[in-house]
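Peer 1: Build me a structure from this.
(2 chains)
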Protein chains: 2
Amino acid sequence: MAKKENQFVQEITPRDVDFAKWYTDIVLKNDMCDYTDVRGCMAIKPYGYAVWELMQKEMDQRFKDTGHQNAYFPLLIPESMLMKEAEHVEGFAPEVAWVTQGGSEVLQERMAIRPTSETIIGTMYSKWIQSYRDLPVLYNQWCNVMRWEKSTRPFLRTSEFLWQEGHTAHETHEDAQEETIRMLNVYYDFMVNVLAIPVVRGRKSESERFAGAEATYTLEALMHDGKALQMGTSHNLSDHFARSYDIKYLSREGKQEYCYTTSWGTSTRMIGGMIMVHGDDRGLKLPPKVAPIQVVILPIAMHKEGVLEKATELYNEIKASGLRVKLDDSEQSAGWKFNQWEMKGVPARIEIGPRDIENGVVTVVRRDTLEKFTMPIEGIGESLVKLMADIHQSMYDIALEHRKAHTTHAENFGDFMDGVKKGFVKAPWCADPDCEIEIKCVTGASTRCKPMDEEVSVKPGCKCVFCNREAKTMMYFARAY
Amino acid sequence: MAKKENQFVQEITPRDVDFAKWYTDIVLKNDMCDYTDVRGCMAIKPYGYAVWELMQKEMDQRFKDTGHQNAYFPLLIPESMLMKEAEHVEGFAPEVAWVTQGGSEVLQERMAIRPTSETIIGTMYSKWIQSYRDLPVLYNQWCNVMRWEKSTRPFLRTSEFLWQEGHTAHETHEDAQEETIRMLNVYYDFMVNVLAIPVVRGRKSESERFAGAEATYTLEALMHDGKALQMGTSHNLSDHFARSYDIKYLSREGKQEYCYTTSWGTSTRMIGGMIMVHGDDRGLKLPPKVAPIQVVILPIAMHKEGVLEKATELYNEIKASGLRVKLDDSEQSAGWKFNQWEMKGVPARIEIGPRDIENGVVTVVRRDTLEKFTMPIEGIGESLVKLMADIHQSMYDIALEHRKAHTTHAENFGDFMDGVKKGFVKAPWCADPDCEIEIKCVTGASTRCKPMDEEVSVKPGCKCVFCNREAKTMMYFARAY
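Peer 2: Numbers count the residues shown, from 1 in each chain, chains lettered A, B, ... in the order given. Model prediction:
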């Protein structure tokens, strides 16, 4: 038995030995996804997809609550349509997959599989929007997109991925800016209150801006290994796409005006972030709100009289309280089951055996802290609902502690390099794109964002942490996925 | 005012004048979808997409209740992978869109955008399935697919469409057959109890079989114009794909055996069917279970004291009863609103004015029958929930009546031709594929299915309705979309 348990746990490479291998072990051994024979594309297996469905549900509700509606636009974008916004083309053309043949017919114009949909949606908005009465237009699309990536990693970077992309049109620049920040904050709320991930909200540097946008806002999370992951972005596109795609409206003053548009997106990449923020050497740790199974019941001495009956009763009661619960009455050993459900990241495990039943309690083990304690059977549903909230908060707090402990402030290059090895570095910066490229080359760190919730102004005479020229702003840097 | 109302209604071409035009008017004027500059592809607008989301929710629950899980597989299928099942290739290759370039790189092997996913999913199942303990595998995928169509019509036939495709693997042929019929019946239940559409369940002829299947089962609905529409199909693939894609398992007897697989699918095409079964000259008639708005409240003499307050109270009460309700307090005329919401197919309209409030009632107009009656404000939520069930049943009954009135039995060619102009024809048939082709050429009718819920055996000596050779079975024929 002991041997079996050991074997089982050993299957996952420890985080500190090889973080990349640990991550791959987690996603593959938990049946979250698998590699395929299609270059750069993964298959998302039911356990991974169930997490995505729960994420979708939470996000979709937030989109609808803020007045957005779902729609669906074509997968293919004719080349000439993609080409209208110069900066956008330059940014995306190098990573586009092209359809050149349909059935037996060679196409006169090749078509891109959408890498993102500003161009096709802009074309439709140009047709649909006539007057200020039609504004704002607040649509979102859940779909697949494709970007021909050279090196790929499950969930984090794949040629095809699933995402949502919001696309909105407004009367004024101010309205578009408000929407951009509104959706950034919807994402923030989702990440904090659903994924239990603390994120730094901020604005991207000029060179990290979305191709064609005026300004890109981002949510940056710190992974356990000290690298950053961009969890979502929200773009103020100003009138750039409106001018390229002729999205005009008759204003309240009776004049033809260009709209101001926004776009914002998050993807299955967040699943990778969630794994790398919360997981440990035993496997996944799922935040309760996106755990396909929140509570697993393991009957102990299952064949003793009354155990399975009591476990089934518990199951029904916990289910009735709205939790996602599973009763594992398989013939595997208890040790095997402990390891299995820990690896799968189920937030709480309940053990119930003859002695527990006698005492009117169950044994509960929290996945996040591995604390073990008893809980009265009476009122178990309500107690577990509270426990889920506790686990969520505790996971968030630990992730925040980790981020704080791995965020440093640097005024000189030595401190910068030390900080970059640990995590986020906040440093004064000249804001020159050439300096940004050099920093990346020398240190491996990229600009993450100019934070919105912190002071970013620099004192007169303050120097850039890297090039020693005059600093313009404080900036977050990190090595990133 | 009267003029305006007339104008409004006149915008929709009457069904009997030009059914095709009527259909296009309905989908475009109701903002369900729109044409795009992408050949054969449509944009699904929020009102159409909201119907699809409600359909998805109802179906997805049924899939999960029957033990299925959702997963996601790659959009692209390498040519060599597609080519492994000979009959399947022959059926689908002519309508595949090919990706030949990724970024700046010309691909060594071109890739198909999935027309359906048996091939890529079969490849993964081959990797995932080892033993009988892994069976059955019961996965479903919600996604987009592409078939390069020559002539397209919104929802009914577009190059890209949204659908779900179930793919399952089993130990025995019998298990696969059971699953095939189980899912056919899940579809049947959905169509009858959600879409209020009567469908004929049955088996497709040899030549209408899915490319690569042993047997295809279908659900056939009759549209208002007497043409049939295939609403969904369920395929028993026997061990055909298992042999081509090497999907094997270690049996209970310790032997390597091929799996038996099934696949089954329904698509956004059902939206077209729902429109053509239920709609009338005033516009859409939405079955309550998939109506994005089930009840619309129109305050009459809105600016009189207390009207808007009472309407808001009603709104809250109806919403609390779980119905999807909208309060239309826009400044449009009452006549305009009546037409608008009738065109949009909202199942029930409530009018509330000062006199109604005085009497403690509201005026209700059912969209399906246009009946107008009063209903006490007290208990309005519950009364409307009941009304929705009534409307559903009544819509189903009317559609069934229509189908019955347009289904004939033919023993000779004259009766067959008369019947085909009206709707379904049930007739004795020789089951020869060549005869099937000739029937199609001469009459425009195709075989729809050999019905499962009716007697299909023929008496000795009975002749084929078309070629006069010996009949083998009774068959449903119709002109079809």
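
Peer 1: So which residues of the stretch 301-450 of chain A form strands?
Peer 2: Along the stretch 301-450 of chain A, the stretches classed as strands by DSSP state E, counting those that start in this stretch are A:325-327, A:348-352, A:361-366, A:372-376, A:407-409, A:424-429, A:446-451.

Peer 1: Which one of these lies nearest to residue B:374?
Peer 2: Shortest distance between residue B:374 and the strands of the stretch 301-450 of chain A, using C-beta to C-beta, is found for strand A:325-327: 47.2 Å. All C-beta spots, glycine's among them, are computed from the backbone N, C-alpha and C.

Peer 1: Tell me who's in contact with residue A:74.
Peer 2: Residues in contact with residue A:74, defined by C-beta atoms under 8 Å, 6 or more residues apart in numbering or on different chains, are A:114, A:120, B:36, B:38, B:41, B:42, B:43, B:160.

Peer 1: just to revisit the earlier point, mind checking the strands of the stretch 301-450 of chain A for the one nearest to residue B:306?
Peer 2: If you check each of these against residue B:306 by C-beta to C-beta, strand A:325-327 wins as the nearest, at 48.9 Å.

Peer 1: Over the closest one, what's the mean pLDDT, rounded is fine.
Peer 2: In this model, strand A:325-327 has a mean pLDDT of 98.

Peer 1: Kindly report the same for stretch A:378-392.
Peer 2: Stretch A:378-392 comes out at a mean pLDDT of 98.

Peer 1: so the longest helix along chain A versus strand A:361-366, what angle?
Peer 2: Scanning chain A for the longest helix, with DSSP state H as the assignment, gives helix A:380-405. Orientation note: helix A:380-405 sits at an angle of 20 degrees relative to strand A:361-366 (axes from the mean of the first three to the mean of the last three C-alpha atoms, to 10 degrees).

Peer 1: buried ones in helix A:380-405?
Peer 2: Counting neighbours by 16 or more other C-beta atoms under 10 Å in any protein chain shown, one finds that the buried residues in helix A:380-405 are A:380-381, A:383-385, A:387-388, A:391-392, A:395-396, A:398-399, A:402-403.

Peer 1: ok now that helix, how far from the chain's centre?
Peer 2: Taking C-alpha atoms, centre = their mean, to the nearest Å, the mean C-alpha location of helix A:380-405 is offset from the chain mean by 19 Å.

Peer 1: Same question for stretch A:33-43.
Peer 2: Using C-alpha atoms, centre = their mean, the distance between the centre of stretch A:33-43 and that of its chain works out at 20 Å.

Peer 1: got any ranges where chain A has weak pLDDT?
Peer 2: By pLDDT under 70, the weakly predicted segments of chain A are A:1-10.

Peer 1: 90 instead, please
Peer 2: Within chain A, the segments meeting pLDDT under 90 span A:1-11, A:39, A:85-91, A:93-94, A:103-104, A:149-151, A:302-303.

Peer 1: Looking at the contacts of residue A:74, which is nearest residue B:87?
Peer 2: Relative to residue B:87, the closest of the contacts of residue A:74 is residue B:160; by C-beta to C-beta it sits at 24.3 Å.

Peer 1: Hmm, residue B:40 and that closest one touching each other?
Peer 2: Yes - proximity of residue B:160 to residue B:40 meets the contact threshold set by C-beta atoms under 8 Å, at 7.5 Å.

Peer 1: burial of the residue in the stretch 301-450 of chain A positioned nearest to chain B, as a residue count?
Peer 2: Going by C-beta to the nearest C-beta, chain B is nearest to residue A:330 of the stretch 301-450 of chain A, at 10.7 Å. By other C-beta atoms under 10 Å in any protein chain shown, the residues close to residue A:330 number 11.

Peer 1: how many neighbours does the residue of the stretch 251-400 of chain A at minimum distance from chain B have?
Peer 2: Nearest residue of the stretch 251-400 of chain A to chain B: residue A:268, at 8.7 Å (C-beta to the nearest C-beta). Residues near residue A:268, counting by other C-beta under 10 Å, number 25.

Peer 1: Pull the contacting residues for it.
Peer 2: Applying C-beta under 8 Å, 6+ apart as the definition, the contact partners of residue A:268 turn out to be A:44, A:52, A:155, A:161, A:162, A:163.

Peer 1: redo that, cut-off 7 Å
Peer 2: A:52, A:155, A:161, A:162, A:163 (C-beta atoms under 7 Å, 6 or more residues apart in numbering or on different chains).

Peer 1: which one is it nearest to, not counting chain neighbours?
Peer 2: residue A:162 (4.8 Å; C-beta to C-beta, 6 or more residues apart in numbering or on different chains).

Peer 1: Help me confirm that that neighbour is found in a strand?
Peer 2: Yes - the assignment for residue A:162 is a strand, going by DSSP: H, G, I helix; E, B strand; the rest coil.

Peer 1: so what's it up against?
Peer 2: Neighbouring residues of residue A:162 by C-beta under 7 Å, 6+ apart: A:52, A:144, A:267, A:268, B:72.

Peer 1: between the residues you listed, which is nearest residue A:320?
Peer 2: residue A:52 (26.3 Å).

Peer 1: Check which residues of whichever strand or helix holds the closest one are buried.
Peer 2: Secondary structure assignment for residue A:52, by DSSP states H and E: helix A:46-65. By 16+ other C-beta under 10 Å, the buried positions in helix A:46-65 come out as A:46-56, A:58-60, A:62-63.

Peer 1: same check, this time on stretch A:151-168
Peer 2: So for stretch A:151-168, counting by 16+ other C-beta under 10 Å, buried means A:152-168.
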